[in-house]
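Trainee: Got a predicted model here, sequence first, then my questions.
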Amino acid sequence: MQRLRVLTWHVHGNYLYYLAQVSHELYLPVKPGRPHGYGGRSGSFPWPANVHELPAEELREQEFDCILFQARQHYLEDQFALLSAEQRRLPRIYLEHDPPREHPTDTRHPVDDPDMLLVHVTPFNALMWDSGRTPVRVVEHGVLVPAGVRYSGEIPRGVVVVNNLASRGRRLGADLFCELRRRLPLDLVGMGSEELDGLGEIPPPELPAFIARYRFFFNPIRYTSLGLAVCEAMTIGLPVVGLATTEMATAIENGVSGYVDTRLEVLEARMRELLANRAEARRLGEDARRRALARFGIDRFVRDWNAVLAEATAGRGASRRPMAAALQD
């Protein structure tokens, strides 16, 4: 497959870093002050050489092979302000990071175009969105963790990794975290975590080693995509406890790789067991790691994205191959 020039946006830094492992050139528009979506190669990520910045006002002068949208604003508004009519006719993909917010089952996706591809990051998200006429593909997460980082679990506490939990409220489980923290030793890390007496943000490249020392990972989120932090925790062998909602219900097997349930009292009991039994926590973490390497390995992620990009650029308006066939190429 030829190396493609893909225009996309910096919407989710961790995801963009993993996406940059594909064998294509990614071009990120930047604006003065680097507002959300226009941050370019910002953050503490070790960006590879195939990630490039372009001033947003110069996009019309560039040649691209494909446009990869990741947010409504960029698809519904910004493309018309920044791109030429010819560029807007290029092969286009919309990467949807979240399940529907307006209504969990009856929300029509803003993309309604049989000549585009709509890529969901979890099967749950694809199930819940009404995607209309737009062909749907699923590319599950793929993660990289620093070589040699493995679970140790010597800190008899649980760790929670959620950005801006205080302002994101019940959907991300702020109330559940606060309730359980009154009864269990839990530490919160992430952007804005200081608002809930958390430990602050840990730079993403340092996060796996930081959380590896904790006894378990607790995910209080009620309704969102499967977090990359969950995948990273599993990959280093950290047992995960969380709510049996969204894709979490398929990521963790009770008593094998961690625990998921919808009853808070059950989750509390399981966390107490892990605090008291480091060997059991390690056993669960070892299986979590095996499952994560099989399901969330970066090589599989790169293959899937290369297949999606190949399909999208193979010919607009052509008959789409079944998803399974496309992702097995």
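Mentor: Received it, and whenever you're ready, just let me know what you need. Residues are numbered from 1 along each chain as shown.
Trainee: tally of neighbours for Thr224?
Mentor: 22 (other C-beta atoms under 10 Å). Every residue, glycine included, has its C-beta placed from N, CA and C.
Trainee: So for it, what's the nearest residue that isn't a sequence neighbour?
Mentor: Among residues not flanking Thr224 along the chain, Asp98 sits closest, at 6.2 Å (C-beta to C-beta, 6 or more residues apart in numbering).
Trainee: Confirm that neighbour sits in a helix?
Mentor: No. Applying DSSP: H, G, I helix; E, B strand; the rest coil, one finds Asp98 to be coil, outside a helix.
Trainee: how far away is it from Gly169?
Mentor: 15 Å (C-beta to C-beta, to the nearest Å).
Trainee: who has more neighbours, the two?
Mentor: Counted by other C-beta under 10 Å, Asp98 and Gly169 do not tie: Asp98 has more neighbours, with 15 against 12.
Trainee: Bridged to the closest residue to Pro123 other than its chain neighbours, which residues?
Mentor: Leaving aside its chain neighbours, Pro123 sits nearest to Val138 (5.5 Å; criterion: C-beta to C-beta, 6+ apart). Going by DSSP bridges, Val138 is paired in beta bridges with His120.
Trainee: Can you give me the pLDDT of Val138?
Mentor: For Val138, the pLDDT comes out at 98.
Trainee: distance of it from Asp304?
Mentor: Val138 is 8 Å from Asp304, by C-beta to C-beta.
Trainee: Show the residue spans covered by the helices in the stretch 201-329 of the chain.
Mentor: Counting by DSSP state H, counting those that start in this stretch, the stretch 201-329 of the chain has helices at residues 207-211, 228-235, 248-251, 264-276, 278-295, 298-313, 323-327.
Trainee: shouldn't Asp187 be in contact with Ile202?
Mentor: No. Contact criterion C-beta atoms under 8 Å: Asp187 and Ile202 do not qualify, at 10.7 Å.
Trainee: Could you pull up the contacting residues of Pro135?
Mentor: 114, 116-118, 320 (C-beta atoms under 8 Å, 6 or more residues apart in numbering).
Trainee: Please work out how many residues are found near Gln87.
Mentor: 17.
Trainee: Once you drop chain neighbours, what's closest to it?
Mentor: Phe64 (6.5 Å).
Trainee: Give me the below-cutoff pLDDT ranges for the stretch 1-150 of the chain.
Mentor: Applying pLDDT under 70 to the stretch 1-150 of the chain flags no residue at all.
Trainee: Could you pull out the strands in it for me?
Mentor: 5-7, 25-30, 51-55, 66-69, 92-96, 117-120, 136-138 (DSSP state E, counting those that start in this stretch).
Trainee: Go through those and name the closest to Thr246.
Mentor: Proximity to Thr246 (C-beta to C-beta) singles out strand 117-120 among these, at 12.0 Å.
Trainee: how far out from the middle of the chain is that closest one?
Mentor: 14 Å (C-alpha atoms, centre = their mean, to the nearest Å).
Trainee: just checking, what packs against it?
Mentor: When contacts are defined as 3 or more C-beta pairs under 8 Å, 6 or more residues apart in numbering; DSSP states H and E, strand 117-120 packs onto strand 92-96, strand 136-138, helix 298-313.
Trainee: Would you mind finding the most buried of those?
Mentor: Stretch with highest mean neighbour count among the helices and strands packed on strand 117-120: strand 92-96 (a mean of 23; mean count of other C-beta atoms under 10 Å).
Trainee: Now do it against helix 298-313, angle only.
Mentor: Angle of strand 92-96 versus helix 298-313, following axes from the mean of the first three to the mean of the last three C-alpha atoms, to 10 degrees, is 140 degrees.
Trainee: Give me the contact list for strand 92-96.
Mentor: So strand 92-96 is contacted by 66-70, 75, 109, 111, 113, 115-121, 125, 129, 134, 308-309, 312 (C-beta under 8 Å, 6+ apart).
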